[in-house]
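S.K.: fold the stuff below for me.
(chains A and B)
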There are 2 protein chains.
Amino acid sequence: MTSAAGRFVGVDAGGTCAKICLVDARGAQLRFVTVPTEPERGPEDFVRRVKGIVGTWEFGGFGLALAGGVDENNGSLLFAPNLKSWIGFPFRRAFARALRAPVTVENDANAAVWGGYVVALKKKPRSVIGVTLGTGVGGGLILGGRLHRGASRSAGEVGHQTLSPSGPLCRCGKRGCLESYAGTRGIQRSARRLMRRLPSPLTPKSIAEAARAGDRGARKVWEEVGTWLGLGVANLVLSFDPEAVLLLGGVARAGSLLLRPVRRVLAEQPFRRPFSRLKLTAPAGRDWGCVGAALLCRELR
Amino acid sequence: MTSAAGRFVGVDAGGTCAKICLVDARGAQLRFVTVPTEPERGPEDFVRRVKGIVGTWEFGGFGLALAGGVDENNGSLLFAPNLKSWIGFPFRRAFARALRAPVTVENDANAAVWGGYVVALKKKPRSVIGVTLGTGVGGGLILGGRLHRGASRSAGEVGHQTLSPSGPLCRCGKRGCLESYAGTRGIQRSARRLMRRLPSPLTPKSIAEAARAGDRGARKVWEEVGTWLGLGVANLVLSFDPEAVLLLGGVARAGSLLLRPVRRVLAEQPFRRPFSRLKLTAPAGRDWGCVGAALLCRELR
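M.R.: I've put the predicted structure just below:
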């Protein structure tokens, strides 16, 4: 399809920056722009700025991913620690008026999981767990081929499962959450303990580069982080028994450094059945949130 | 309804004993029988013995719950540690021929959760997590108002989520599973550590009686067990965001001794949203497996 109807715009607005893309019906990116979100300028200003960028593009639908819980009826934020001043604003109506296109609004982790699901999993399994790995660890569940949003629109908070109640303090206030081990801060903590010479800046990316360059401490960091992530993924698989697990987000770009220990933990699980045919993948690509938002608006049609 | 069509037979066959009941369309028990399963006598013999008991009853459908993974297409066991010699036997066809009634076959934990769901939750929420508490800790998920069986028919193994990788050895071979704390053995272990005078026999029931009689050590046992159970339930709620959590099985009869610490852990969760309207209940009654099996065959009609 080359007509406007077969192209979709996706926007993924986080607390710091917003990614904007134009994709075709398969999720291939035709255009890509990043802008500062600047939430303090208010939601109307954000709508105007997005219109200024995409107003001349041709597309058949518009999807918005937001870092928070979304009421899908009116496309507004219900809760959002990093976009507090935007809570309650009717984004669906505002963008539909500004762009004269069908609009869908979704939580950012759900949108990313949807993007990875549609683009990376060709067989479209019925049930999938997606884990988004970055500063925070979040996720989304696909059930019966659709996003499972949950009774309070907050399903998929897989990063705050407790893996060890005496573990390190998490940003959320609890101890030993998956995020406290596999989020950026947890990875940095492991690096400070296990690496002799710390790269600067100390980021998941620089720690992965050190590991690939042969740094033994850095390799141990990924072994440790992947072991905790494997425990968290195993817990989810034992409950949900999905066909596939998607690892997404910046930290997933560590690739086999992360996947190898995760696979080892899954292979060690004594109850084999839900793991024996499980597909585990960290698909290449990075902008799953805005791609997924664009593809979710395709679902509306 | 008083006709046969509004009555259903349920059978819950475990490794040791089988419970057989006749229920009305709401799940009220009209008859109840327990027999030894004696799996070594073979599945045909079991079908004959069940027919000998229920053959004179009037009912419109028959549901069988089995301790293992069930292929719902032909109603046979796929895996079953305690009913190994029954694996592969086509129970659906055998019972349909023997009883000339519609037959459904289901995993026992799923059947119990379905029974608790239909009988105890009047509003029929769309998504529910059920946890079955006994020697083992298992469970089942109701998503979209239906049992979620999972890609390998093994969803709901919530008792083998890791809560502390350095915790006590579980029957399954892992360390620190929910079951290793909240299953019968875990409760007995807590009692041996915390109680000065151990009741004989040392069972969840006798420990609950001691706690109700004022034994401080016994109260600490339930406080500890309920805290671990609360952590496990919180993990599940953060991922699935259900409307309700059902605690079922013999250990759930500890009632408020168990529910109080679980509620405390849920109330302490920093991410409030999925917990704020969550219904947590341990419904009275015991034979949810056979009641649920009977009510599942009603779903066929």
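
S.K.: CA atoms for contacts and neighbours, from now on please.
M.R.: OK.

S.K.: so which residues of the stretch 151-300 of chain A form helices?
M.R.: Read by DSSP state H, counting those that start in this stretch, the stretch 151-300 of chain A holds these helices, from start to end of the chain: A:178-182, A:184-194, A:204-212, A:216-240, A:256-267, A:273-276, A:288-299.

S.K.: specify the angle between the third one and helix A:256-267 in degrees.
M.R.: Meaning helix A:204-212. Orientation of helix A:204-212 against helix A:256-267 (axes from the mean of the first three to the mean of the last three C-alpha atoms, to 10 degrees) gives an angle of 80 degrees.

S.K.: could you list the buried residues of the helix or strand harbouring A:F95?
M.R.: Assigned by DSSP states H and E, A:F95 falls within helix A:91-99. Within helix A:91-99, the residues that count as buried by 16 or more other C-alpha atoms under 10 Å in any protein chain shown are A:91-95, A:99.

S.K.: out of those, which comes closest to chain B?
M.R.: Using C-alpha to the nearest C-alpha, A:F91 comes nearest to chain B of the buried residues of helix A:91-99, at 21.6 Å.

S.K.: who touches that closest one in this structure?
M.R.: A:F91 makes contacts with A:43, A:74-76, A:105, as judged by C-alpha atoms under 8 Å, 6 or more residues apart in numbering or on different chains.

S.K.: among the residues you listed, which lie within strands?
M.R.: Judged by DSSP state E, the subset of the contacts of A:F91 located in strands is A:76, A:105.

S.K.: tabulate the contacts of A:F91 in a markdown table, adding columns for distance to B:V221, pLDDT and neighbour count.
M.R.: Below are those laid out as a markdown table (distance: C-alpha to C-alpha, whole Å; pLDDT from 0 to 100; neighbours: other C-alpha atoms under 10 Å in any protein chain shown):
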| residue | distance to B:V221 | pLDDT | neighbour count |
| --- | --- | --- | --- |
| A:P43 | 52 | 98 | 20 |
| A:N74 | 48 | 89 | 15 |
| A:G75 | 47 | 95 | 24 |
| A:S76 | 46 | 96 | 22 |
| A:V105 | 47 | 97 | 30 |
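
S.K.: neighbouring strands - and their directions - for the lowest-mean-pLDDT helix or strand in chain A?
M.R.: One helix or strand of chain A scores below all others by mean pLDDT, DSSP states H and E: strand A:69-71, with a mean of 91. Strand pairing for strand A:69-71, determined by DSSP bridges: strand A:76-79 (antiparallel).

S.K.: contact partners of the strand it pairs with?
M.R.: Residues outside strand A:76-79 that contact it (C-alpha under 8 Å, 6+ apart) are A:66, A:68-71, A:86-92, A:105.

S.K.: among those, name the buried ones.
M.R.: Buried members of the contacts of strand A:76-79, counted by 16+ other C-alpha under 10 Å: A:66, A:68-71, A:86-87, A:89-92, A:105.

S.K.: out of those residues, which is nearest to chain B?
M.R.: Nearest to chain B, judged by C-alpha to the nearest C-alpha, of the buried ones among the contacts of strand A:76-79 is A:G69 at 9.6 Å.

S.K.: and the closest one, bridged to which residues?
M.R.: Beta-bridge partners for A:G69, by DSSP bridges, are A:F79.

S.K.: contacting residues for it?
M.R.: Contacts of A:G69 (C-alpha under 8 Å, 6+ apart): A:77-80, A:106-107, A:153-154.

S.K.: gap between A:G61 and A:L30?
M.R.: A:G61 sits 15 Å away from A:L30, going by C-alpha to C-alpha, to the nearest Å.

S.K.: close to chain B: what parts of the stretch 101-250 of chain A are there?
M.R.: Neighbours of chain B within the stretch 101-250 of chain A, by C-alpha under 8 Å from any C-alpha of the partner chain: A:127, A:148-158, A:160-165, A:172-174, A:231-232, A:234-243.

S.K.: which of those residues fall in strands?
M.R.: Using DSSP E, the members of these that fall within strands are A:H148.

S.K.: which members of the residues of the stretch 101-250 of chain A next to chain B are classed as buried?
M.R.: Buried subset of those (neighbour count, 16+ other C-alpha under 10 Å): A:127, A:148-158, A:160-164, A:174, A:231-232, A:234-243.

S.K.: neighbours of A:G214, how many?
M.R.: Other residues near A:G214 come to 11 when the count uses other C-alpha atoms under 10 Å in any protein chain shown.

S.K.: quick one: pLDDT of it?
M.R.: Listed pLDDT for A:G214 reads 98.

S.K.: again, but for A:G285
M.R.: If you check A:G285, the pLDDT there is 80.

S.K.: can you give me the helices in the stretch 1-150 of chain A?
M.R.: For the stretch 1-150 of chain A, the helices defined by DSSP H, counting those that start in this stretch cover A:43-54, A:91-99, A:108-120.

S.K.: quick check: angle from the longest one to helix A:288-299?
M.R.: What that stands for is helix A:108-120. Orientation of helix A:108-120 against helix A:288-299 (the same axes, to 10 degrees) gives an angle of 80 degrees.

S.K.: check the shortest one too.
M.R.: Angle between the axes of helix A:91-99 and helix A:288-299 is 80 degrees (criterion: the same axes, to 10 degrees).

S.K.: could I get the average pLDDT for helix A:91-99?
M.R.: 97.

S.K.: quick check: closest non-adjacent residue to the spatially most distant residue from the centre of chain A.
M.R.: Taking C-alpha atoms, centre = their mean, the residue of chain A most remote from its mean C-alpha position is A:R196, at 31.5 Å. The shortest distance from A:R196 to any non-neighbouring residue, by C-alpha to C-alpha, 6 or more residues apart in numbering or on different chains, is to A:G217 (6.8 Å).

S.K.: quick one: pLDDT of A:N82?
M.R.: The score at A:N82 is 88. That number is its pLDDT.
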